[in-house]
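**Q** okay, sequence plus prediction incoming.
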Amino acid sequence: MAMEAARRAEHNARGGDVLEPGATTIMLRSVPLHYTNDLVVEELNRIARGKFDFVFVPRDKRRNTSVGLAFVNFVNHETAQAVSNFYLAEDMANSQPHTLSRVCQANVQGLPLNLAHYFVKFGSSGCAHPHAPQIFRNGVRLPRLQDRWQEYISAAVLAQASAASAQRKSDGVDDSGSSSSHSSRKGSGKGSGKSNRSV
């Protein structure tokens, strides 16, 4: 009950909104470790089919599991806000959190910049990895990311992502290749705060 009250207070303090105006990319925390891109897409299709264009579930290279996070970009702010509120409402309504819970705004916003951050970390070969981000157009997944990334990443966006990556390294921050520096809930059994991250 105390946790539910705290969540309601946090939600009300933000005026009922999880995201800042214009934000389209969210981060889902406490995602089960067995989750993959496909499972997150299946979950999202139940509530926002055809309204997202980027899904990425970072992997723990050593354990071959997810790291308990998922990043999703929606085609507009209204959908991103609605989905965020949906998961927040599920958390508050149920004694057990929803499968995908603990939603927040991602640090990196938009499809192009999220892809650029991934590309800076893993290169073109990483785009061919089975756990690489999935991109969509009008609800249909676009195949062969390794052949398409240049359609979305301009030189300016790539430079921005490269500069951000260099700054994180300079600051001694782990460059996980994910869309946010937030960690999942450590020791929860659903996610891991450790950073052996891969595609």
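**A** Now that the structure is in, tell me what you want to look at.
**Q** counting contacts, what elements does the helix or strand hosting Ala166 pack onto?
**A** Secondary structure assigned from DSSP states H and E places Ala166 in helix 155-170. Applying 3 or more C-beta pairs under 8 Å, 6 or more residues apart in numbering; DSSP states H and E, we find helix 155-170 packed against helix 111-126. To be clear about C-beta, it is placed using only N, CA and C from the backbone, and glycine gets the same treatment.
**Q** quick check: angle from the helix it packs on to helix 155-170?
**A** Regarding helix 111-126 and helix 155-170, their directions subtend 70 degrees when assessed with axes from the mean of the first three to the mean of the last three C-alpha atoms, to 10 degrees.
**Q** which SSE is immediately downstream of helix 111-126?
**A** By DSSP H and E, the next helix or strand past helix 111-126 is strand 134-137.
**Q** distance from the chain centre to that next one, please.
**A** 14 Å (C-alpha atoms, centre = their mean, to the nearest Å).
**Q** could you do stretch 37-53 as well?
**A** 12 Å.
**Q** what of stretch 48-62?
**A** With C-alpha atoms, centre = their mean, you get 6 Å for stretch 48-62.
**Q** which SS state does the residue nearest to the spatial centre of the chain fall under?
**A** Closest to where the C-alpha atoms of the chain average out (C-alpha atoms, centre = their mean) is Phe71, at 0.9 Å. Here Phe71 is strand, with the state taken from DSSP: H, G, I helix; E, B strand; the rest coil.
**Q** that one reaches Val55, doesn't it?
**A** Yes - the pair Phe71 / Val55 is scored as a contact, 7.3 Å apart, by C-beta atoms under 8 Å.
**Q** if I look at the two, which residues touch both of them?
**A** Residues touching both Phe71 and Val55 (C-beta atoms under 8 Å, 6 or more residues apart in numbering): Pro133.
**Q** what are the ranges of the helices in the chain?
**A** Assigned by DSSP state H, the chain shows helices spanning 2-13, 37-48, 77-93, 111-126, 149-152, 155-170.
**Q** hang on, the earlier thing: for the helix holding Ala166, which positions count as buried?
**A** Residues of helix 155-170 classed as buried: Val157, Leu158, Gln160, Ala161, Ala164, Ser165 (neighbour count, 16 or more other C-beta atoms under 10 Å).
**Q** I'd say the second one and His117 touch.
**A** So the one you mean is Leu158. No - assessed by C-beta under 8 Å, Leu158 is found out of contact with His117, at 9.7 Å.
**Q** stretch 61-77 - what's its average pLDDT?
**A** Here stretch 61-77 scores 94 as its mean pLDDT.
**Q** for that stretch, how far is the first residue from the last?
**A** In stretch 61-77, first residue to last residue: 32 Å (C-alpha to C-alpha, to the nearest Å).
**Q** quick one on the thing from earlier: closest one to Lys61 among the helices of the chain?
**A** Of all those, helix 111-126 sits nearest to Lys61, with 11.4 Å by C-beta to C-beta.
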